[in-house]
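>>> Dropping a prediction and its sequence here:
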Amino acid sequence: MPKAVAYARFSTDKQREESIQAQLRAIHEYAAKNGIEVVKEYCDEGKSATSDDRPAFQQMIAELKLLRPDFVLVHKLDRFARDRFDAAIYRREIQKVGAKLIAVEQDFGDAPESILLESLVEGMAEYYSKNLAREVMKGMKENAYKAKFNGGWVPLGYDIDAEGRYVLNESEAKIVRLIFELAANGYSYSKIADKLNARGYKTKRGRPFGRNSIHEILRNEKYAGVYVFNETPKKVAGKRNNRIKKPENEIIRIEGAVPAIVPKELFNRVQEMMDRRKMTAPRKASTVYILTGILRCGECGSAMTGQSITKAGKNGGKRKYYYYMCSRAKRAGGCQHTRQHPKEKVEGYILNAIEEQVTNIKNLPVLADRLWGEIQRINAGRDRDAVELRKQLRETEEALENYFAAIEKG
């Protein structure tokens, strides 16, 4: 008896599960009618056929040599691919193992004319997909000109109201302000993330902060009140490439269209600092300055940061010396306190002072009270966040139900 593998797919996680089952039912009916044994099923849920980035599909292609089926059965050709290039490539992979692709609802037979019919159907599927994308982009641009939310993740610090506009989420906005303040005071992305995680703060997705999430927040113009749309292109696989920017004439940018969380002056200052850091091509430090961002300049209050200087030694060799110095003093005219403080001496003094305070039995009740107070504060913040997240989840689910109900009605 000839063998076959079956492939089924639907595009969004809001399509009913029956969509997959209906495809498989039609495939099995065709197989039974034609005396074919289906030896394995592959199903992709919530995956578009405009991309070959589909786990079950790729697993099927990889296992063709192992299973050696006679046929690959799909419901319709648009379930297999909506891109003619992908369709040709993977048809070739199927042919290499001596198998044949059959769309059970579009079986054109083996006549030479079937090649033309299949090409026409595949071309229509690709046209439908690209035309739909064009119409969707039209609607998204209209939304953008009105400064409305266009899908994706809502940035930390904002919610979306019933009209699709950005509104402040004050409990999250305070985290965003803290991030910009720390960045302006010379904290690195990692140090900022450590500070936030120590306080129990989470990203919009409920995850701990990392370097990348901090970088994305600091570069987001919405926090200065600027609405931006269509800034980054898509890769071939359909994913956005945030490192590349589109030409300015393709980007929709509207000043003052979003409630600002940080002042424009602070946002621009942080951008300049980030640009300078990028231009200097920072190298990974081999020396850890444990007081970076904690130690403050007595003259201007800015963060003290570490630096090293190589000097000639007594025996003619070179030796590296490590210091703390005011971050503003490093910039010409930033601060008058230009003195360099030896790293070992400063860190030793601070650590000894901490040890004396922590090990002093008289201070234990005070330290315990402060620790307990901090634990209660973190837990209270998590409880508030949980309530807010549950509220956002309900609102999002209601909005999605309304959205898909509208699509079903055309």
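That came in fine, so what should we check first? Numbers count the residues shown, from 1 in each chain.
>>> show me the contacts for residue 29.
Taking C-beta atoms under 8 Å, 6 or more residues apart in numbering as the contact definition, residue 29 lies against residue 104. Every residue, glycine included, has its C-beta placed from N, CA and C.
>>> Surely residue 304 and residue 327 touch.
Yes. If you go by C-beta atoms under 8 Å, residue 304 and residue 327 touch, sitting 6.9 Å apart.
>>> between the two, which one's more packed in?
Neighbours per residue (other C-beta atoms under 10 Å) separate residue 304 from residue 327, with residue 304 holding more: 25 against 22.
>>> SS state for the more buried one?
Put simply, residue 304 is strand when judged by DSSP: H, G, I helix; E, B strand; the rest coil.
>>> joint contacts of residue 304 and residue 327?
Here residue 304 and residue 327 share the contacting residues residue 297, scored by C-beta under 8 Å, 6+ apart.
>>> what's the helix or strand for residue 42?
strand 37-45 (DSSP states H and E).
>>> any idea where the strands of this protein begin and end?
All strands of the chain, identified by DSSP state E, fall at 3-10, 37-45, 71-74, 100-103, 158-160, 166-168, 227-229, 252-254, 304-312, 318-326, 341-342.
>>> List the buried residues of the second one.
Buried residues in strand 37-45, counted by 16 or more other C-beta atoms under 10 Å: 38, 41, 42, 43, 44, 45.
>>> and which of those residues is nearest to residue 148?
residue 45 (29.1 Å; C-beta to C-beta).
>>> Summarise which helices and strands the strand holding residue 42 is packed against.
When contacts are defined as 3 or more C-beta pairs under 8 Å, 6 or more residues apart in numbering; DSSP states H and E, strand 37-45 packs onto strand 3-10, helix 18-33, helix 55-67.
>>> any idea of the mean pLDDT in it?
Averaging pLDDT along strand 37-45 gives 91.
>>> for stretch 160-167, same thing?
The average pLDDT for stretch 160-167 rounds to 90.
>>> What residues sit buried inside that stretch?
Within stretch 160-167, the residues that count as buried by 16+ other C-beta under 10 Å are 160, 165, 166.
>>> again, but for stretch 22-35
Across stretch 22-35, burial judged by 16+ other C-beta under 10 Å covers 23, 24, 26, 27, 28, 30, 31.
>>> CA-only coordinates of it, as PDB, when you get a sec.
Extracted as PDB, the C-alpha positions of stretch 22-35 are listed here (Å, rounded to 0.1, in the frame of the first residue of the first chain):
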ATOM      1  CA  ALA A  22     -11.200  19.600   9.000                       C
ATOM      2  CA  GLN A  23      -8.100  19.600   6.800                       C
ATOM      3  CA  LEU A  24      -6.900  16.300   8.300                       C
ATOM      4  CA  ARG A  25     -10.400  14.700   7.800                       C
ATOM      5  CA  ALA A  26     -10.400  15.600   4.100                       C
ATOM      6  CA  ILE A  27      -6.900  14.300   3.700                       C
ATOM      7  CA  HIS A  28      -7.700  11.000   5.400                       C
ATOM      8  CA  GLU A  29     -10.900  10.600   3.300                       C
ATOM      9  CA  TYR A  30      -8.900  11.100   0.100                       C
ATOM     10  CA  ALA A  31      -6.300   8.600   1.400                       C
ATOM     11  CA  ALA A  32      -8.900   6.000   2.200                       C
ATOM     12  CA  LYS A  33     -10.600   6.500  -1.100                       C
ATOM     13  CA  ASN A  34      -7.300   6.000  -3.000                       C
ATOM     14  CA  GLY A  35      -5.900   3.200  -1.000                       C
END
